[in-house]
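Undergrad: Sequence first, then the predicted structure, then my questions.
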Amino acid sequence: MKKRIIMEAVGAILIFIVGYFIGDATAINRVNKTINTKVSSQTSQKSTSQDNTEPKEEQKQKMYKLGEEGTSGNWSIKVLEAQEASTIQSGDGSDNKTTQQKFIIIKLQMTNISQAAVQYSDDEFALVNTKDKKQYEINGDDSLTANQVETIYRKNSNFFLGIDSLNPSTPKQTYLVFEVPKNFDLQNAVLVHMSNSKATGFHLK
(Lines give C-alpha, C1' and ligand atoms only; values in the text may rest on other atoms or scores of the structure.)
Protein backbone atom coordinates (compact mmCIF):
# COMPACT_ATOMS: atom_id res chain seq x y z
CA MET A 1 0.00 0.00 0.00
CA LYS A 2 2.81 2.38 0.95
CA LYS A 3 4.61 1.58 -2.30
CA ARG A 4 1.45 2.48 -4.23
CA ILE A 5 1.23 5.80 -2.40
CA ILE A 6 4.86 6.46 -3.30
CA MET A 7 4.14 5.67 -6.96
CA GLU A 8 1.17 8.05 -7.01
CA ALA A 9 3.03 10.88 -5.27
CA VAL A 10 6.13 10.36 -7.40
CA GLY A 11 3.94 10.49 -10.53
CA ALA A 12 2.74 13.94 -9.51
CA ILE A 13 6.19 15.24 -8.69
CA LEU A 14 7.66 13.90 -11.95
CA ILE A 15 5.57 16.34 -14.00
CA PHE A 16 7.21 19.18 -12.15
CA ILE A 17 10.70 17.63 -12.32
CA VAL A 18 10.59 17.16 -16.09
CA GLY A 19 9.56 20.76 -16.54
CA TYR A 20 12.42 21.81 -14.30
CA PHE A 21 15.03 19.91 -16.29
CA ILE A 22 14.03 20.71 -19.86
CA GLY A 23 12.31 24.03 -19.40
CA ASP A 24 8.93 22.58 -20.33
CA ALA A 25 6.66 25.51 -19.49
CA THR A 26 3.65 23.44 -20.54
CA ALA A 27 4.35 20.80 -17.88
CA ILE A 28 4.78 23.44 -15.22
CA ASN A 29 1.54 25.12 -16.28
CA ARG A 30 -0.29 21.78 -16.00
CA VAL A 31 0.92 21.42 -12.42
CA ASN A 32 -0.06 25.00 -11.59
CA LYS A 33 -3.49 24.50 -13.19
CA THR A 34 -4.05 21.36 -11.13
CA ILE A 35 -3.06 23.16 -7.95
CA ASN A 36 -5.30 26.13 -8.73
CA THR A 37 -8.26 23.85 -9.50
CA LYS A 38 -7.88 22.00 -6.21
CA VAL A 39 -7.45 25.23 -4.30
CA SER A 40 -10.59 26.76 -5.85
CA SER A 41 -12.61 23.63 -5.12
CA GLN A 42 -11.50 23.48 -1.51
CA THR A 43 -12.07 27.20 -1.07
CA SER A 44 -15.70 26.98 -2.25
CA GLN A 45 -16.45 23.89 -0.19
CA LYS A 46 -14.84 25.02 3.05
CA SER A 47 -15.19 28.79 2.61
CA THR A 48 -11.51 29.23 3.41
CA SER A 49 -9.07 31.58 1.79
CA GLN A 50 -6.77 30.50 -1.04
CA ASP A 51 -3.79 31.71 0.97
CA ASN A 52 -4.44 29.06 3.60
CA THR A 53 -4.95 26.22 1.11
CA GLU A 54 -2.40 26.79 -1.66
CA PRO A 55 0.80 26.23 0.40
CA LYS A 56 -0.54 22.80 1.45
CA GLU A 57 -0.92 21.77 -2.20
CA GLU A 58 2.41 23.19 -3.25
CA GLN A 59 4.10 21.40 -0.36
CA LYS A 60 3.45 18.09 -2.12
CA GLN A 61 5.79 19.09 -4.94
CA LYS A 62 8.78 20.67 -3.23
CA MET A 63 12.08 20.35 -5.07
CA TYR A 64 15.56 21.19 -3.79
CA LYS A 65 18.85 21.68 -5.59
CA LEU A 66 22.03 19.75 -4.82
CA GLY A 67 23.42 21.12 -1.55
CA GLU A 68 20.17 22.88 -0.66
CA GLU A 69 18.54 21.91 2.63
CA GLY A 70 14.87 20.97 2.56
CA THR A 71 12.36 19.71 5.10
CA SER A 72 10.18 16.62 4.84
CA GLY A 73 8.28 15.16 7.77
CA ASN A 74 10.54 14.85 10.82
CA TRP A 75 13.65 15.61 8.81
CA SER A 76 15.70 18.41 7.40
CA ILE A 77 17.64 16.82 4.52
CA LYS A 78 20.53 17.97 2.37
CA VAL A 79 22.22 16.00 -0.44
CA LEU A 80 25.95 16.57 -0.03
CA GLU A 81 27.12 14.50 -3.00
CA ALA A 82 26.20 11.61 -5.27
CA GLN A 83 28.68 9.19 -6.82
CA GLU A 84 28.64 6.21 -9.15
CA ALA A 85 30.57 3.02 -8.34
CA SER A 86 30.70 -0.68 -9.11
CA THR A 87 32.07 -1.64 -5.68
CA ILE A 88 31.19 -0.70 -2.11
CA GLN A 89 34.31 -1.08 0.00
CA SER A 90 33.89 -2.65 3.44
CA GLY A 91 35.99 -1.59 6.39
CA ASP A 92 38.44 -4.49 6.31
CA GLY A 93 37.94 -5.50 2.67
CA SER A 94 36.43 -8.87 3.57
CA ASP A 95 32.84 -7.99 2.68
CA ASN A 96 33.07 -5.72 -0.35
CA LYS A 97 29.81 -5.35 -2.29
CA THR A 98 30.00 -5.54 -6.09
CA THR A 99 27.56 -5.29 -8.97
CA GLN A 100 27.62 -5.88 -12.71
CA GLN A 101 25.33 -2.86 -13.02
CA LYS A 102 25.99 0.36 -11.09
CA PHE A 103 25.71 1.70 -7.54
CA ILE A 104 24.53 5.22 -6.86
CA ILE A 105 25.96 6.32 -3.50
CA ILE A 106 24.23 9.35 -2.03
CA LYS A 107 25.76 11.17 0.93
CA LEU A 108 23.10 12.91 3.00
CA GLN A 109 23.04 15.24 5.95
CA MET A 110 19.93 14.60 8.03
CA THR A 111 18.68 16.60 11.01
CA ASN A 112 15.82 15.48 13.23
CA ILE A 113 13.50 18.49 13.53
CA SER A 114 10.92 16.76 15.73
CA GLN A 115 10.73 16.87 19.52
CA ALA A 116 12.00 13.34 20.20
CA ALA A 117 14.50 10.83 18.86
CA VAL A 118 13.39 9.25 15.58
CA GLN A 119 14.65 6.66 13.11
CA TYR A 120 14.14 6.82 9.36
CA SER A 121 12.93 3.87 7.32
CA ASP A 122 14.43 2.77 3.99
CA ASP A 123 11.01 2.81 2.35
CA GLU A 124 10.73 6.56 2.99
CA PHE A 125 13.23 7.07 0.15
CA ALA A 126 13.19 6.26 -3.55
CA LEU A 127 15.58 7.11 -6.37
CA VAL A 128 13.62 8.26 -9.42
CA ASN A 129 14.72 8.38 -13.05
CA THR A 130 12.81 11.37 -14.42
CA LYS A 131 13.42 10.23 -18.01
CA ASP A 132 11.64 6.87 -17.89
CA LYS A 133 9.78 7.37 -14.57
CA LYS A 134 11.29 4.24 -13.01
CA GLN A 135 12.00 4.24 -9.30
CA TYR A 136 14.53 2.29 -7.26
CA GLU A 137 14.56 1.19 -3.63
CA ILE A 138 17.45 1.55 -1.21
CA ASN A 139 19.77 -1.44 -0.98
CA GLY A 140 19.88 -1.81 2.81
CA ASP A 141 22.86 -4.19 3.02
CA ASP A 142 25.03 -2.07 0.75
CA SER A 143 24.07 1.11 2.60
CA LEU A 144 24.98 -0.54 5.90
CA THR A 145 28.38 -1.59 4.53
CA ALA A 146 29.14 1.95 3.33
CA ASN A 147 28.11 3.51 6.63
CA GLN A 148 29.95 1.02 8.81
CA VAL A 149 33.22 2.11 7.21
CA GLU A 150 32.62 5.50 8.82
CA THR A 151 30.90 4.58 12.08
CA ILE A 152 32.86 1.46 13.05
CA TYR A 153 36.22 1.49 11.29
CA ARG A 154 36.88 5.24 11.14
CA LYS A 155 35.04 6.02 14.39
CA ASN A 156 33.45 8.98 12.63
CA SER A 157 30.86 10.39 15.03
CA ASN A 158 29.45 12.62 12.28
CA PHE A 159 27.84 9.54 10.68
CA PHE A 160 24.91 7.39 11.78
CA LEU A 161 23.40 4.10 10.62
CA GLY A 162 19.88 3.68 9.33
CA ILE A 163 19.17 1.44 12.33
CA ASP A 164 20.07 4.26 14.73
CA SER A 165 17.65 6.75 16.22
CA LEU A 166 18.74 10.36 15.85
CA ASN A 167 18.20 12.92 18.61
CA PRO A 168 16.58 16.27 17.78
CA SER A 169 18.69 19.12 16.36
CA THR A 170 21.83 17.01 15.89
CA PRO A 171 22.87 16.94 12.20
CA LYS A 172 24.41 13.66 11.12
CA GLN A 173 25.54 12.21 7.80
CA THR A 174 24.65 8.89 6.21
CA TYR A 175 25.00 7.03 2.92
CA LEU A 176 22.09 5.73 0.87
CA VAL A 177 23.03 3.15 -1.77
CA PHE A 178 20.91 2.20 -4.78
CA GLU A 179 21.66 -0.42 -7.44
CA VAL A 180 20.64 0.81 -10.91
CA PRO A 181 21.24 -0.14 -14.56
CA LYS A 182 24.53 0.80 -16.19
CA ASN A 183 22.85 3.38 -18.40
CA PHE A 184 21.33 5.25 -15.45
CA ASP A 185 22.25 8.94 -15.73
CA LEU A 186 22.66 11.07 -12.60
CA GLN A 187 21.51 14.09 -14.60
CA ASN A 188 18.04 12.51 -14.66
CA ALA A 189 18.08 11.38 -11.04
CA VAL A 190 16.04 12.74 -8.15
CA LEU A 191 16.04 11.42 -4.59
CA VAL A 192 12.47 11.43 -3.28
CA HIS A 193 11.54 11.39 0.41
CA MET A 194 7.98 10.47 1.35
CA SER A 195 6.19 11.74 4.46
CA ASN A 196 2.43 11.65 5.08
CA SER A 197 1.80 10.91 1.38
CA LYS A 198 3.77 14.00 0.35
CA ALA A 199 6.84 13.70 -1.87
CA THR A 200 9.87 15.97 -1.55
CA GLY A 201 12.57 15.79 -4.23
CA PHE A 202 16.30 16.44 -4.10
CA HIS A 203 18.37 16.83 -7.26
CA LEU A 204 21.65 14.91 -7.44
CA LYS A 205 23.24 17.15 -10.07
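TA: Cool, the structure landed. Residues are numbered from 1 along each chain as shown.
Undergrad: Could you check how far residue 136 is from residue 149?
TA: 22 Å (CB to CB, to the nearest Å). All C-beta spots, glycine's among them, are computed from the backbone N, C-alpha and C.
Undergrad: where does this structure have its least confident helix or strand?
TA: Least confident helix or strand of the chain, by mean pLDDT, DSSP states H and E, is helix 25-46 with a mean of 42.
Undergrad: Ends of stretch 108-124, what's the gap?
TA: 14 Å (CA to CA, to the nearest Å).
Undergrad: taking the mean pLDDT, what do you get for it?
TA: Here stretch 108-124 scores 96 as its mean pLDDT.
Undergrad: List the buried residues in that stretch.
TA: Residues of stretch 108-124 classed as buried by neighbour count (16 or more other CB atoms under 10 Å): 108-112, 120, 124.
Undergrad: Go through this structure and flag its longest strand.
TA: strand 97-112 (DSSP state E).
Undergrad: and that one, what other elements does it pack with?
TA: For strand 97-112, the packing partners by 3 or more CB pairs under 8 Å, 6 or more residues apart in numbering; DSSP states H and E come out as strand 75-88, helix 140-148, strand 172-180.
Undergrad: Model confidence for the spatially most central residue of the chain, exactly?
TA: Per CA atoms, centre = their mean, the C-alpha nearest to the average position across the chain is that of residue 192, at 2.9 Å. For residue 192, the pLDDT comes out at 97.
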